[in-house]
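**Q** my questions concern the predicted model and sequence given below.
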Amino acid sequence: MSSKTLSPRPSQLEQAAFIEQFGDIYEHSPWVAKLAWQRGLGPEQDTPQGLAERMGEVLREASPERQLEVIRAHPDLAGKAAIAGELTDDSSREQAGAGLDQCTPEELARFERLNAAYKEKFGFPFVMAVKGSDRHAILAAFEARLPNAPDEERRTAIEQINRIAAFRLEERTA
């Protein structure tokens, strides 16, 4: 992660402006940005890493129910929303960057089966920070995580979501 400064500087924004600028970092969950701002932001949160740490702390300390809301706001990887073009711009870029828009019909069928099995077991979609991965690594991670216990997998999903947020904040300085 870089030490570049975000522009505008988060520590200098009023709450409404901060939420406008960073409320989309967590998929359909602007409350994470709101609580991060309410905790107070200093110069250390003006970098992508610093702001990611503050926002990640908010999500890690949220109730399991609130965490599940954030997890459930994420789309399936290579799922129906992606195929129909219904993802957020960030999710579309991230999935395309991992080659999920280039799956063979067999790979799409495998994603569909794994998405269904995962949701059946955990009650939420499989979430993975796919930047730097490819569809083969993602399918392998899917299969590796499927045997996890529900609480362990909820915590893993939250850490993956925090990684996604850090990548998104880093992109905003590029």
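**A** That came through, no problem. Numbers count the residues shown, from 1 in each chain.
**Q** ok, then the element right after the lowest-mean-pLDDT helix or strand in the chain?
**A** The helix or strand of the chain with the poorest confidence is helix 80-83; it has a mean of 70 (mean pLDDT, DSSP states H and E). Scanning forward in sequence from helix 80-83 by DSSP states H and E, the next helix or strand is helix 89-97.
**Q** buried set for that following helix?
**A** Residues of helix 89-97 classed as buried by neighbour count (16 or more other CB atoms under 10 Å): 90-92, 94-95. Every C-beta, even on glycine, is put in place using the N, C-alpha and C of the backbone.
**Q** what's the average pLDDT for it?
**A** The pLDDT scores in helix 89-97 average 86.
**Q** before we move on, back to that, what sits up against the least confident helix or strand of the chain?
**A** 75-76, 87, 91-92, 95, 100-101, 108 (CB atoms under 8 Å, 6 or more residues apart in numbering).
**Q** likewise stretch 7-16?
**A** By CB under 8 Å, 6+ apart, stretch 7-16 touches 17-18, 21-22, 34, 37-38, 41-43, 45-46, 51, 173.
**Q** please repeat the previous calculation with a cut-off of 6 Å.
**A** Residues from elsewhere that reach stretch 7-16, judged by CB atoms under 6 Å, 6 or more residues apart in numbering: 37, 41-43, 45-46, 51.
**Q** likewise stretch 164-174?
**A** Residues from elsewhere that reach stretch 164-174, judged by CB under 6 Å, 6+ apart: 4, 25-26, 48, 51-52, 55, 90, 129, 131.
**Q** now with 7 Å, please.
**A** For stretch 164-174, contacts defined as CB atoms under 7 Å, 6 or more residues apart in numbering pick out 1-2, 4, 6, 25-26, 48-49, 51-52, 55-56, 90, 129, 131.
**Q** could I get that stretch in PDB with only the CA atoms?
**A** Extracted in PDB, the C-alpha atoms of stretch 164-174 (Å, rounded to 0.1, in the frame of the first residue of the first chain):
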ATOM      1  CA  ILE A 164     -11.400  -4.900  -1.200                       C
ATOM      2  CA  ALA A 165     -11.900  -1.500   0.600                       C
ATOM      3  CA  ALA A 166      -8.200  -1.000   0.900                       C
ATOM      4  CA  PHE A 167      -7.700  -1.700  -2.900                       C
ATOM      5  CA  ARG A 168     -10.600   0.600  -3.700                       C
ATOM      6  CA  LEU A 169      -9.100   3.400  -1.600                       C
ATOM      7  CA  GLU A 170      -5.600   2.800  -3.200                       C
ATOM      8  CA  GLU A 171      -7.100   3.100  -6.700                       C
ATOM      9  CA  ARG A 172      -8.500   6.500  -5.800                       C
ATOM     10  CA  THR A 173      -4.900   7.900  -5.500                       C
ATOM     11  CA  ALA A 174      -3.800   6.400  -8.800                       C
END
